[in-house]
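Undergrad: dropping a prediction and its sequence here:
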Amino acid sequence: MPLNRDALWYKDAIIYEVHVRTFNDSNGDGIGDFPGLEQKLDYLQELGITAIWLMPFFPSPLRDDGYDIADYTAVHSSYGTLEDFRKLLDSAHERGIRVIIEMVLNHTSDQHPWFQEARSSQNNPRRDWYVWSDTEAGYKGTRIIFLDTETSNWAWDPISKSYYWHRFFSHQPDLNYDNPAVREQMWNVMKFWLEMGVDAFRLDAVPYLVEREGTNCENLPETHTILKELRRKIDEQFPGRMLLAEANQWPADLRPYFGDEDEFHMAFHFPLMPRMFMGLKLEDRKPITEILQQTPEIPPSCQWSLFLRNHDELTLEMVTDMERDYMYDMYAESKTMRLNLGIRRRLAPLLNNDRRRIELMNGMLMSLPGTPIIYYGDEIGMGDNISLGDRNGVRTPMQWSGGWNSGFSIAEPERLYAPLIQDPVYGYPAVNVLSQRESEHSLLRWMQRIIAVRRSTAVFGRGAIEFLYPANHRILAYLRRLGKEAALVVNNLSSTAQAVELDLRRYKGNILIEMFGNNIFPRVGDLPYLLTMGPYQFYWFRLRRV
Ligand code: GLC
Ligand code: CA
């Protein structure tokens, strides 16, 4: 299956986020690698996803799991060679799967030779590649992101006897984007991977590129100028490639990242995600409809990317203090489940392993406006291990089977980069790909099905959305429309059965076709359209005039 050549391919994509080291170990050293991942592309193709997003795989001291990069144009030796990466890329492309890689622009590892040079003396030519100061007084209006580990955005460098600026861990010094040499070098790095054939970048931590006194140092116009410059170069030299923004910001601040179709093609919708969990717990559609009403229109070629979980904590930065307290109370009863401003748990445990809620959340993920991202392992309902530090509890080895090391690796179990999930409910003997593949009613099979249904129409990836507001506020209902096509989605956010009357008058005479079974529901007439819904049930209908 060749790659589809549509320049807007990302609008129809289903993205699968995976960390190379977590997926499949081909050489028995206990660490997942490129050849291992390549062997599992058939699995991903069968699942139906059309793009993979790989977490950073570059040389790194791995103090932030690779987001601390020490060399941008090579690969970490535990994951294989550059040639192995190339092979993976080609094999993915042969299957019609695109490859999105990570580009951490904002900062490097303190082990990067650039920083080593920059810190070696105050007059080193590389000095100005980072942000230095004699005091800790600068940029006081800037928040600290890794609240649980950092107390300042400045760190003392004992070698050059001054402070350097960092928005994340203190071992991740921020690059100085006021320096044209830095900007040029980072473009060269991107070009290196684009020339090799990667399809897209997730640009990490983009709001923080530039600092200015008297601001909060986020989303500055100077930052947007730099990002637009990158986009211009992509459009000129690599048309059809895509840029995805990691900007954990409010909708109004997110909108500028799309620019006039001259900045990002896609951006994560961070504020929506926690509100889906909130709506579910409150059994009320309001958090979801409200945030989507506040979400500005984006240009035609642009797209939101939607997700339920990812490799980080479930972030609660884009909610109010009250909402955050509610989320903590509801989803992180134990303090060890919390990290920074978020919750470090996987999807299935967050939803108490309730299959109905897992399906409902995925149903919304796949039918709200945007491109869905599935976090590896969530398609089989993997659990987490909160006894592992930082965010490592949601990055445990993929569970392929109930056999030795879950089929992830032939290494001695002590050598695995992280222990497997072992508990009776989520452990690999209970939750694994092999057994779910064999069972017609497994979550995995269900995920394959919903992905296939989603892909059977462009309406979810490209259509407009219009909310219906039935009197029953436990029901979240919306129309998705694209040209002559229309789909109706009805979600019951409640744990009990509900009836709902929908105003579909303008579709009078249409029949509803339930999309999973292709069964016909009654024709729309003059009366409100009545549906009864079981707990956490949802429907996708095609509207058809006949
Ligand atoms: C992004 C990544 C996160 C990382 C941070 C610093 O937020 O998602 O995992 O720790 O950037 O690079
Ligand atoms: Ca390996």
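TA: Everything's here; your move. Numbering: from 1, shown residues only. Ligands and ions are numbered 1, 2, ... in the order given.
Undergrad: for the stretch 401-546 of the chain, which segments count as helices?
TA: 433-438, 443-455, 459-462 (DSSP state H, counting those that start in this stretch).
Undergrad: give me the mean pLDDT for the last one.
TA: Think helix 459-462. What helix 459-462 shows for mean pLDDT is 98.
Undergrad: could you do the second one as well?
TA: Average pLDDT, helix 443-455: 98.
Undergrad: want to try JSON lines for the helices of the stretch 401-546 of the chain, with mean neighbour count as columns?
TA: Yep, even glycine has a C-beta here, placed from its N, CA and C like the rest. Supplementary listing: these in JSON lines, determined by neighbours: other Cβ atoms under 10 Å:
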{"stretch": "helix 433-438", "mean neighbour count": "17"}
{"stretch": "helix 443-455", "mean neighbour count": "18"}
{"stretch": "helix 459-462", "mean neighbour count": "22"}
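Undergrad: just put these in CSV and tack on distance to ligand 1.
TA: Below are these laid out as CSV (distance: least, Cβ to the nearest ligand atom, whole Å):
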stretch, distance to ligand 1
helix 433-438, 25
helix 443-455, 24
helix 459-462, 24
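Undergrad: which of these sits closest to residue 543?
TA: helix 459-462 (10.2 Å; Cβ to Cβ).
Undergrad: rewinding a little: now the helices of the stretch 401-546 of the chain as CSV including distance to residue 104?
TA: Output for these, formatted as CSV (distance: least, Cβ to Cβ, whole Å):
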stretch, distance to residue 104
helix 433-438, 30
helix 443-455, 29
helix 459-462, 28
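Undergrad: and the residue of the stretch 301-450 of the chain closest to ligand 2?
TA: residue 409 (7.1 Å; Cβ to the ion).
Undergrad: can you pull the contacts of that residue?
TA: The neighbourhood of residue 409, defined by Cβ atoms under 8 Å, 6 or more residues apart in numbering, consists of 24, 25, 28, 29, 30, 31, 32, 397, 415, 416.
Undergrad: from those residues, which two are the most distant?
TA: Top of the distance list for the contacts of residue 409 (Cβ to Cβ): 24 and 415, 15.2 Å.
Undergrad: which residues of the stretch 1-150 of the chain lie near ligand 1?
TA: Residues of the stretch 1-150 of the chain lying close to ligand 1 (Cβ under 6 Å from any ligand atom) are 64, 67, 104.
Undergrad: now flag whichever of those residues is closest to residue 444.
TA: residue 67 (29.2 Å).
Undergrad: that closest one and residue 91: what is the separation?
TA: 26 Å (Cβ to Cβ, to the nearest Å).
Undergrad: repeat for residue 281
TA: 41 Å.
Undergrad: hang on, isn't residue 388 packed against residue 417?
TA: No - applying Cβ atoms under 8 Å, one finds residue 388 not in contact with residue 417, separated by 10.9 Å.
Undergrad: so for these two, which sits in the more crowded spot?
TA: Of the pair residue 388 and residue 417, residue 417 is the one with more neighbours under other Cβ atoms under 10 Å, namely 21 against 15.
Undergrad: what number of residues lie near the residue in the stretch 351-500 of the chain that ligand 1 sits nearest to?
TA: Closest to ligand 1 within the stretch 351-500 of the chain is residue 391: 6.7 Å, counting by Cβ to the nearest ligand atom. Residues lying near residue 391 (other Cβ under 10 Å) number 18.
Undergrad: then residue 321?
TA: 8.
Undergrad: the contacts of residue 409, buried ones only, as a PyMOL selection?
TA: Selection of buried members from the contacts of residue 409 for PyMOL, criterion 16 or more other Cβ atoms under 10 Å:
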select buried, resi 24+25+30+31+32+397+416
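Undergrad: near ligand 2, from the contacts of residue 409?
TA: For ligand 2, the contacts drawn from the contacts of residue 409 by Cβ under 5 Å from the ion are 25, 29, 31.
Undergrad: chain neighbours aside, what residue packs nearest to the second one?
TA: Setting aside the residues directly before and after it, residue 29 is nearest to residue 411 in space (Cβ to Cβ, 6 or more residues apart in numbering), at 6.2 Å.
Undergrad: who's in contact with the closest residue to ligand 1 within the stretch 151-300 of the chain?
TA: Closest to ligand 1 within the stretch 151-300 of the chain is residue 168: 4.1 Å, counting by Cβ to the nearest ligand atom. By Cβ under 8 Å, 6+ apart, the contact list for residue 168 reads 64, 67, 106, 107, 145, 146, 150, 205.
Undergrad: in this structure the fifth one contacts residue 340, no?
TA: If I follow you right, that is residue 145. Yes - between residue 145 and residue 340 there is a contact at 7.0 Å, judged by Cβ under 8 Å.
Undergrad: which helix or strand in the protein has the lowest average pLDDT?
TA: Using mean pLDDT, DSSP states H and E, helix 251-254 stands out as the lowest-scoring helix or strand of the chain, at a mean of 94.
Undergrad: okay, buried residues for that one please.
TA: 251, 254.
Undergrad: how about stretch 3-16?
TA: Buried residues in stretch 3-16 (16+ other Cβ under 10 Å): 3, 8, 9, 10, 11, 12, 13, 14, 15, 16.
Undergrad: cool, and stretch 191-202?
TA: For stretch 191-202, using 16+ other Cβ under 10 Å, the buried residues are 193, 194, 198, 199, 200, 201, 202.
Undergrad: give me the residue from the protein nearest ligand 1.
TA: residue 67 (3.3 Å).
Undergrad: following the least confident helix or strand of the chain in sequence, what is the next regular element?
TA: Sequence-wise, the next helix or strand beyond helix 251-254 is strand 266-268, with elements assigned using DSSP states H and E.
Undergrad: for that next one, packing partners?
TA: Under the contact definition 3 or more Cβ pairs under 8 Å, 6 or more residues apart in numbering; DSSP states H and E, strand 266-268 sits against strand 242-245, strand 303-307.
Undergrad: out of the ones you listed, deepest packed?
TA: strand 242-245 (a mean of 24; mean count of other Cβ atoms under 10 Å).
Undergrad: which residues are contacting it?
TA: In contact with strand 242-245 (Cβ under 8 Å, 6+ apart) are residues 9-10, 53, 100, 199-203, 206, 227, 230-231, 234, 254, 257, 263-268, 305.
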